[in-house]
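A.B. asks: Sequence and computational prediction follow.
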Amino acid sequence: MGEQIYDFHEGPVIFLKWKADELLSIGYVSPNIQEYGYPLEDFENQNQSFYEMICPEDVVQVRLAWQKNVTSDKEYFEHKYRILTPRGELRWVHGFVKIVRGRPKSILGYEGYLIDITESVKMKEKLNSSKDLKEQVRMASMIFENTIEGIVLTDLNGNIQWVNPAFTQITGYSAEEAIGKNPRILRSKRHDNDFYKNMWETIITKGQWKGEIWNRRKNGEIYPEWLTIRAIKDEYGQTVQYVSIFNDITEQFQQEERIKYQTYHDALTELPNRALLKDRLSMALIHAHKNGKMTAVMVLDLDRFKRINDTLGHPTGDILLQQVAKRLKACIGEGDTVSRLGGDEFAILLEDIQGAEKVLNNAQKILYTLEKPFRIMEHDLHISTSIGISIYPIDGEDIDTLLKNADTAMYQAKQEGRNGYRLYAPMMNDKALQRLAMENELRKALSREELMVYYQPQIDLKTEQLIGAEALVRWNHPELGFLSPAEFIPLAEETGLIKDLGDFVLKTACRQNKEWQDRGLKKISIAVNLSPLQFQHKNLLCEIKEYLKEIDLDPRYLELEITESCAMKNPELTIKTLKEFKKIGIQLAIDDFGTGYSSLGLLHQLPLDKLKIDKSFLKNIMVDQDSQAIVSAIVAMSKSLGLKVLAEGVEEREQLLYLRDRQCDQIQGYIISAPVAASNFEAFLKCDWQIEHASRIIV
């Protein structure tokens, strides 16, 4: 009897998952394996073979046992063997393995745990070697009293005759309360009668039953246990008693549930992740097909979320994502799903919809909900979203097609101004493919030297002398020819390529200016426009300082321009950053002035040198009184703030004379020259000329 009922462990219970390959690669191992000296990082690549852990003498028998069981119809199997730890120590383990099968009967992998039985094996060896029967009984009794597995001995009718202390510790029932009762006092009601019927049929026919079962403690708590029930037979082979040995596997079960949760949920927002969304969408499509219903997929991307990360930091961005997740969950029904796909992209699954009206109402509700400011760390943050929608079966009949089409519609919503939604239309795929092709070509343009920097001269209206130039990028596309910035800058901003593009223009312009100066040509400042993404980059100041030092260019010959709208996005950051640039001598200008909503108070705090009047005010300045009033006001305000004012987009002599009469300081535009290549711009640096004779210089 002792041989049958006694088994206990000492050391960690190690939870594992194996891949269904020949090496039994370990896909997961619980962290407590480190107690045996195994570094956890050895298992992180999920290529560690399980056989490498096993004692070499036991590998063959483990392989044979594994092959024998996986080729059967068994759901569980167990075997005992030795493992060899990194410390060179041999430990006996009792392995319990569950076979994870797919359809039809394919093996997806294995999961289970190892129980350390080293001390138990040693005790048995010692017990078997003892010649004193009383000593054997004493040792067996000691083992039963101290094992952490619960042990129950019953008669043929199932009445409890004896329990060990671990039984009381696990179930809460004392020996006095249990003896004489039936083990049914532990039933949790999670299993039906057929479960117990099959259990006892197995015990009667095979002599034992093993498996996972849910029982109930005395306090009512339901818990999982691994249970083994064996029939004890006399010398005539007749069953005289039954013994049950069980382990409380609550911790392992909870750990497995945590792993499953982490596998299918986003760690930051606790929303279902892409894998779980696809699983639910798969079930929704089956249900929709069977019942003739429609299912909708919405893909959402937060507009300009990266700006918040770059300016306020990732911790603030993470809190914002968590709050967005809560608001999205409040916008949908109980049976629908909100998922985070990654970054600032979310997806929503709407099931059992009758038509597009419900979907559009949900989209409107989401837009309205996210318009309300988010209060985070003393900041009121405003965010919007672009939503793309695809509907089964109209826009696709499988998971990938529906997600792809919703994503395409979302990008269309972004291109059409953001903060809106779009239903998928087949023509969107053509536009998306064109956009993707252009993006790929733009990524290669820098390395292929297809991008060029052109220079447009800037003239002092009083002296009629060249005082500077603006650096402007052009793309010499191998098939489409020269492209203006309007044709590719928006794409660069959306894809994040604007940072590399902006760095290229800035470095090229500085290097070219230094080359002109080294050749003894006229010294001028060159203006370079910074995109909002560049301006918000935390290393911008250091990068520019290091590059100017590297090429030995005096900072006063570099002028940095930011747009009025960029300056207003985060006034505190703008003031701080511009002051740092000003300290090293770089000139500063606000571009496109008059198109934003900056305040006089902010302008007064900015360490600016120049305001540039947007060319839109020059177009009809000779006949439009509103444009005249705006230009006059900008010039007057600049004078009061001690700033220079430059008008860009000057094309006609009448415009030039009007600006001169209004005491505008500088001009830039086609009346002087279109932007030209560096080799052609040298003509402006080499000669002494007047505006009236500009046509002689323009090439």
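C.D. replies: Nice, I can see it. Numbers count the residues shown, from 1 in each chain.
A.B. asks: where along the stretch 351-500 of the chain do the strands fall?
C.D. replies: Using DSSP state E, counting those that start in this stretch, the strands assigned to the stretch 351-500 of the chain run over residues 374-376, 379-381, 385-392, 420-423, 451-460, 466-477, 481-483.
A.B. asks: Quickly, which of these bottoms out on average pLDDT?
C.D. replies: Ranked by mean pLDDT, those end with strand 481-483 at the bottom, a mean of 82.
A.B. asks: Off-centre distance for that strand?
C.D. replies: 37 Å (Cα atoms, centre = their mean, to the nearest Å).
A.B. asks: elements contacting it?
C.D. replies: Of the remaining helices and strands, those touching strand 481-483 by 3 or more Cβ pairs under 8 Å, 6 or more residues apart in numbering; DSSP states H and E are strand 466-477. In this view, the C-beta of every residue, glycine as well, is placed from N, C-alpha and C.
A.B. asks: if we go to 10 Å?
C.D. replies: For strand 481-483, the helices and strands in contact under the criterion 3 or more Cβ pairs under 10 Å, 6 or more residues apart in numbering; DSSP states H and E are helix 427-445, strand 451-460, strand 466-477.
A.B. asks: can you put these in a markdown table and add distance to Lys372 and mean neighbour count?
C.D. replies: What follows is those, written out as a markdown table (distance: least, Cβ to Cβ, whole Å; neighbours: other Cβ atoms under 10 Å):
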| stretch | distance to Lys372 | mean neighbour count |
| --- | --- | --- |
| helix 427-445 | 30 | 14 |
| strand 451-460 | 42 | 22 |
| strand 466-477 | 39 | 20 |
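A.B. asks: Quick one: closest of those to Thr401.
C.D. replies: helix 427-445 (10.6 Å; Cβ to Cβ).
A.B. asks: Ser638 and Val645, how far apart?
C.D. replies: Shown here: Ser638 relative to Val645, a distance of 4 Å by Cβ to Cβ, to the nearest Å.
A.B. asks: Next: Phe96.
C.D. replies: Distance of Phe96 to Val645, computed by Cβ to Cβ: 81 Å.
A.B. asks: again, but for Pro457
C.D. replies: Pro457 sits at a distance of 17 Å from Val645 (criterion: Cβ to Cβ).
A.B. asks: Surely Ala65 is in contact with Tyr81?
C.D. replies: Yes: Ala65 is within contact range of Tyr81, at 8.2 Å (criterion: Cβ atoms under 10 Å).
A.B. asks: Pull up the overlap in contacts between those two.
C.D. replies: With contacts taken as Cβ atoms under 10 Å, 6 or more residues apart in numbering, Ala65 and Tyr81 have Asp58, Gly95 as neighbours in common.
A.B. asks: For this protein, which residue occupies the most central location?
C.D. replies: Gly342 (3.5 Å; Cα atoms, centre = their mean).
A.B. asks: per-residue pLDDT, that one?
C.D. replies: At Gly342 the predicted local distance difference test score is 89.
A.B. asks: Ramachandran coordinates for it?
C.D. replies: The phi and psi values for Gly342, taken as degrees, to the nearest 10, are phi 140, psi 150.
A.B. asks: so what's it bridging to?
C.D. replies: For Gly342, the beta-bridge assignment (DSSP bridges) gives partners Glu345.
A.B. asks: Could you list which residues are in contact with Val324?
C.D. replies: Residues counted as contacts of Val324 (Cβ under 10 Å, 6+ apart) are 269, 300, 302, 305, 338, 340, 344, 346, 366, 369-370, 374, 383, 385.
A.B. asks: Any quick PyMOL command for the buried ones out of those residues?
C.D. replies: Buried residues within the contacts of Val324, by 16 or more other Cβ atoms under 10 Å, are selected in PyMOL with:
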select buried, resi 269+300+302+305+338+340+344+346+366+370+374+383+385
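A.B. asks: From the contacts of Val324, pick the one nearest Leu541.
C.D. replies: Within the contacts of Val324, proximity to Leu541 (Cβ to Cβ) peaks at Phe305, which comes in at 24.1 Å.
A.B. asks: Contacts only, for the closest residue to the closest one other than its chain neighbours.
C.D. replies: In space, not counting the residues next to it along the chain, Phe305 is nearest to Asp344; the distance is 3.9 Å by Cβ to Cβ, 6 or more residues apart in numbering. Shown here is Asp344, whose contacts under the criterion Cβ under 10 Å, 6+ apart are 300-306, 308-309, 317, 320-321, 324, 383, 385.
A.B. asks: Taking these together, which two end up most distant?
C.D. replies: Every pair in the contacts of Asp344 was compared (Cβ to Cβ); the two farthest apart turn out to be Leu300 and Asn309, at 17.3 Å.
A.B. asks: just to revisit the earlier point, the contacts of Asp344 in helices, which ones?
C.D. replies: Secondary structure of those is defined by DSSP state H; positions in helices are Phe305, Lys306, Ile308, Asn309, Gly317, Leu320, Leu321, Val324.
A.B. asks: can you redo the residues you listed as a markdown table with distance to Tyr38 and pLDDT?
C.D. replies: As requested, these are arranged in a markdown table below (distance: Cβ to Cβ, whole Å; pLDDT from 0 to 100):
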| residue | distance to Tyr38 | pLDDT |
| --- | --- | --- |
| Phe305 | 41 | 86 |
| Lys306 | 41 | 82 |
| Ile308 | 42 | 84 |
| Asn309 | 38 | 81 |
| Gly317 | 37 | 89 |
| Leu320 | 40 | 92 |
| Leu321 | 36 | 93 |
| Val324 | 41 | 94 |
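A.B. asks: Show me the shaky parts of the protein.
C.D. replies: The model of the chain has pLDDT under 70 over residues 1-11, 127-144, 146, 236, 426-437, 594-601, 688-699.
A.B. asks: now the angle between strand 466-477 and the longest helix anywhere in it, please.
C.D. replies: Of all segments of type helix in the chain, defined using DSSP H, the longest is helix 498-518. Angle, helix 498-518 to strand 466-477, by axes from the mean of the first three to the mean of the last three Cα atoms, to 10 degrees: 130 degrees.
A.B. asks: Just the helices from the stretch 251-400 of the chain, written as ranges.
C.D. replies: In the stretch 251-400 of the chain, the segments counted as helices under DSSP state H, counting those that start in this stretch are 274-291, 305-312, 314-330, 356-371, 399-415.
A.B. asks: Tell me which of the ones you listed sits most buried.
C.D. replies: Across those, the average number of neighbours (mean count of other Cβ atoms under 10 Å) peaks for helix 399-415, which reaches a mean of 21.
A.B. asks: Who are the packing partners of that helix?
C.D. replies: Under the contact definition 3+ Cβ pairs under 10 Å, 6+ apart, helix 399-415 sits against helix 274-291, strand 294-302, strand 345-353, strand 385-392, strand 420-423, helix 427-445, helix 489-495.
A.B. asks: if you set the cut-off to 8 Å instead, what comes out?
C.D. replies: Helices and strands in packing contact with helix 399-415 are listed as helix 274-291, strand 294-302, strand 385-392, strand 420-423, helix 427-445; criterion 3+ Cβ pairs under 8 Å, 6+ apart.
A.B. asks: from the chain's centre, how far out does the first one sit?
C.D. replies: Between the mean C-alpha location of helix 274-291 and the chain-wide mean there is a distance of 23 Å, by Cα atoms, centre = their mean.
A.B. asks: ok, residues contacting that helix?
C.D. replies: For helix 274-291, the surrounding residues in contact (Cβ atoms under 8 Å, 6 or more residues apart in numbering) are 263-265, 272, 293-295, 297, 337, 339, 341-342, 347, 349, 351-352, 392-393, 397-399, 402-403.
A.B. asks: ok, of the residues you listed, which come out buried?
C.D. replies: Buried by 16+ other Cβ under 10 Å: 265, 272, 293-295, 297, 337, 339, 341, 347, 349, 351, 392, 399, 402-403, out of the contacts of helix 274-291.
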